[in-house]
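> Structure for the following, please:
(chains A, B and C)
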Amino acid sequence: MLKGRHLIDIMDFSIEELDEIFKLANEIISKEKDFSKVCDGKLLATLFYEPSTRTRLSFESAMIRLGGKVVGFSEPNSSSVSKGESIADTIRVIGCYADIIAMRHPKEGAPKIASMYSTVPVINAGDGGHQHPTQTLTDLLTIKSIKGTLSNLKIGCCGDLKFGRTVHSLINAMSRYENNSFTLISPEELKVPDYVKKELNKKGVNYSETKNLEDAIGSLDILYMTRVQKERFFNEEDYIRLKDIYILSKDKMSKAGKDMIVLHPLPRVNEIPYEIDSDPRACYFKQVKYGMYVRMALMLKLLGIR
Amino acid sequence: MLKGRHLIDIMDFSIEELDEIFKLANEIISKEKDFSKVCDGKLLATLFYEPSTRTRLSFESAMIRLGGKVVGFSEPNSSSVSKGESIADTIRVIGCYADIIAMRHPKEGAPKIASMYSTVPVINAGDGGHQHPTQTLTDLLTIKSIKGTLSNLKIGCCGDLKFGRTVHSLINAMSRYENNSFTLISPEELKVPDYVKKELNKKGVNYSETKNLEDAIGSLDILYMTRVQKERFFNEEDYIRLKDIYILSKDKMSKAGKDMIVLHPLPRVNEIPYEIDSDPRACYFKQVKYGMYVRMALMLKLLGIR
Amino acid sequence: MLKGRHLIDIMDFSIEELDEIFKLANEIISKEKDFSKVCDGKLLATLFYEPSTRTRLSFESAMIRLGGKVVGFSEPNSSSVSKGESIADTIRVIGCYADIIAMRHPKEGAPKIASMYSTVPVINAGDGGHQHPTQTLTDLLTIKSIKGTLSNLKIGCCGDLKFGRTVHSLINAMSRYENNSFTLISPEELKVPDYVKKELNKKGVNYSETKNLEDAIGSLDILYMTRVQKERFFNEEDYIRLKDIYILSKDKMSKAGKDMIVLHPLPRVNEIPYEIDSDPRACYFKQVKYGMYVRMALMLKLLGIR
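Predicted coordinates for the structure are as follows:
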């Protein structure tokens, strides 16, 4: 039962519970009209202590497309934080108004604290470099819907594997399914942290590391690209040297299998050129749409409506 | 008749009119579902020239829970003010779009001016240190609902009684009802202003002043706590010396009667420790909920729907 | 057919298409209730990369009054722009959530680029000093509704005719109709640019230029006033010298015909004193209301609902 639960970390939910959400998401996709009023009278509060238009609009559109409504804020300076109020108090107040809360916060653990005091379900919409579980839900639903399975897949992760929380979370989540293997493609400076590899070793999951996207791409079922974020670097020189190294050119795509799919959590900068967008294997805009549907399913489950 | 009226100052409404609002609020509380569509097609504009998440979300949730919708802004820099437009013009333009307006403004009297030019009802959602009548409506509904009456009560007001507009407004409003008395608990530096006491004297209302919360608490029906706001002090030293003086400890609570209720307009800082929250006499989160219901009732009355 | 089209420049639409929109707007005005649910399930995204409360609220109210809903942002710093995302990508992502988009952007041409990548209709809600086609739609509907025609009119444009994009756009649009003539009233420094006059000459449209509002006013059917925007001047001195020169006093109004109407895109500063507001010829607040109705009609057409 997911009714009344919070989603702070993707590992909060069992594989069976995730599957329930994906099934519902696919049901919504196949007969969206049937769901257009199911959240009538329900109110989502979006508490964004740092701006994230994409994630906020995905949540808000999801609730609205279910017939519910939205209140909230998109920036910290419109909040009561400046008056010294604690997250515990804010969440108890918002819980008097809203039926469910999506919280984005620059500090790791803030949504966890919120969930401890909240009388209504809290969804972590990203907390610093820590967790972003609805992005992982999005990735999983996209893979499951397009590839038909979450098992027996060769997954390449490319770009900034050091700071990219979405990648860590995806690796973590996909290792729970049978017989997946990972190819970790990154420059030396942006390799996956040791704790992620330890986890993979402990679970006996197959993985390899490489610097070469071109060599690796031919064997992949999924290529998960990530943005090299300027804000992660200590100096501009390092950023400029590394940011273009893993650009997914047409030439590289010609070496990939015809069923390989390219995913990206977006926003991209220039790691995927525009000319790739029309390639049928480019699935990152489909992924955006799946992101909205999976949030619809998640909220319906946490509210206990389905 | 409240239809088409504005609410700028709590004294704009007679005791009978307030009572009408409280009766409707209690009706909404007892059968909320019956009210979930009554504002279908109605549009609230929230014009917040300074941020106040709590108040804004209370108004917006109230309208949405009645089946209406909301437009607006939560900060001055998203407004047309920067283009030099007057409040008179803004309000006439917004009146072309919306059916009712809630305005928060840092300048005293701004909502009054707005109401003079508006073609739709204007509600003062706080104007500087001046008035915040829907907070007072909230306080009165909370007291009436929990204590069953607005008369014959011993009310303690504790904390910053000098700058706290909500306290002045509450004292003013409660003096209109029969046989209430006040215990004004504050440090020397933050005593209630003379004009408030003059008013009490003129009306022949009983009150006493003290510095000692511990001594006073035993005789109270209501303890209204307030935050000592950092921004009210001229220097940080004074703030640090005074801010913790009236902390409501468990020890102090043990000296209070079992029917005394603790109210607070929130946000609190540390004048009420978290351990008090589970005390059944702590009613400040209930107060938040009453705040939403009283705004629902108020808007229904001003719109002439009930 | 306007279904699925974008509106970037008022010249994108033929006279017949504009007429379709105006007819629908008048139908909405005459039986608004019939339209209160026609956009049920539709979602407008308002992407405001610079604040413009008036225009944003007009769009949002329009969609809400049709039974639709709204998501969006009102300022650039709440957007993903700071992460280096292109408009092309943002628009494709938003197109996954919303059914129609209104975009305001400080850079000329940004909405045009957006429309090239968008899968849903894009409306230009103002791009820098360039185009603001829904303001022109507003002006045309106001004139057509009050004067009963868009032809055979003597139109005076007064104030800043150099930088005022709404005036250029109005002149351009009104020259498409038969037998209109223009009186261009401005100080030397703020005269209409040459390319506008060349266009008028090419089309064989009658126009004259003058510095004197008082002399010109008597012969006009329409006086279109504009604000002298401080931000257009290179130095404060020029601004102060010129800003009050074309104030529409009661005295000047006494020289105008009894059927002349005064329009203004608002916000005004002091070019129209408050005392003129009660003159029945002052139509700028009616114009605001027409602005909401014409946006309702426009969105219904682009969505293919009517």
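
> C-alpha from now on. contacts and neighbour counts both.
OK.

> For chain A, what lies in contact range of chain C?
When proximity is defined as C-alpha under 8 Å from any C-alpha of the partner chain, chain A approaches chain C at A:36, A:51-54, A:57-58, A:60-62, A:64-65, A:67, A:74-75, A:267-269, A:285, A:288-289, A:292.

> repeat that with 6 Å
For chain A, the contact set with chain C under C-alpha under 6 Å from any C-alpha of the partner chain comprises A:51, A:53, A:61, A:267, A:289.

> Quick one: mean pLDDT over the helix or strand hosting the last one.
Right, residue A:289. Per DSSP states H and E, residue A:289 falls inside helix A:284-302. For helix A:284-302, mean pLDDT is 98.

> Who are the packing partners of it?
Counting contacts by 3 or more C-alpha pairs under 6 Å, 6 or more residues apart in numbering or on different chains; DSSP states H and E, helix A:284-302 is packed against helix A:15-30, helix A:53-65, helix A:133-147.

> so of these, which one's packed in deepest?
helix A:53-65 (a mean of 25; mean count of other C-alpha atoms under 10 Å in any protein chain shown).

> Would you mind putting the CA coordinates of the lowest-mean-pLDDT helix or strand in chain A into PDB?
Ranked by mean pLDDT, DSSP states H and E, the weakest helix or strand in chain A is helix A:236-242, scoring a mean of 77. Output in PDB follows, covering the C-alpha atoms of helix A:236-242 (Å, rounded to 0.1, in the frame of the first residue of the first chain):
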ATOM      1  CA  GLU A 236      36.700  27.300 -15.600                       C
ATOM      2  CA  GLU A 237      39.800  25.800 -17.400                       C
ATOM      3  CA  ASP A 238      38.800  22.200 -16.300                       C
ATOM      4  CA  TYR A 239      35.300  22.800 -17.400                       C
ATOM      5  CA  ILE A 240      36.200  24.000 -20.900                       C
ATOM      6  CA  ARG A 241      38.700  21.200 -21.400                       C
ATOM      7  CA  LEU A 242      36.100  18.500 -20.500                       C
END
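
> List the buried residues for that helix?
Counting neighbours by 16 or more other C-alpha atoms under 10 Å in any protein chain shown, one finds that the buried residues in helix A:236-242 are A:239, A:242.

> Now the element after that helix, going C-ward?
Heading C-terminal from helix A:236-242 (DSSP H and E), you reach helix A:250-254.

> Now do that following helix, average pLDDT.
Across helix A:250-254, pLDDT averages out at 96.

> Can you tell me the centre-most residue of chain A?
Residue closest to the mean C-alpha point of chain A, counted by C-alpha atoms, centre = their mean, is residue A:135 at 1.1 Å.

> Chain B contacts on the stretch 201-306 of chain A?
Close to chain B, as judged by C-alpha under 6 Å from any C-alpha, the stretch 201-306 of chain A has no residues.

> quick one: the strands in the stretch 51-200 of chain A?
If DSSP state E, counting those that start in this stretch is used as the criterion, the strands of the stretch 51-200 of chain A fall at A:69-73, A:100-105, A:122-127, A:154-158, A:181-185.

> Next, count neighbours for the closest residue to residue A:119 other than its chain neighbours.
Counting by C-alpha to C-alpha, 6 or more residues apart in numbering or on different chains, residue A:95 is the residue found nearest to residue A:119 once chain neighbours are left out, at 5.9 Å. Residues lying near residue A:95 (other C-alpha atoms under 10 Å in any protein chain shown) number 22.

> per-residue confidence at residue A:95?
Listed pLDDT for residue A:95 reads 97.

> and residue A:45, what is it in contact with?
A:70-72, A:98, A:101 (C-alpha atoms under 6 Å, 6 or more residues apart in numbering or on different chains).
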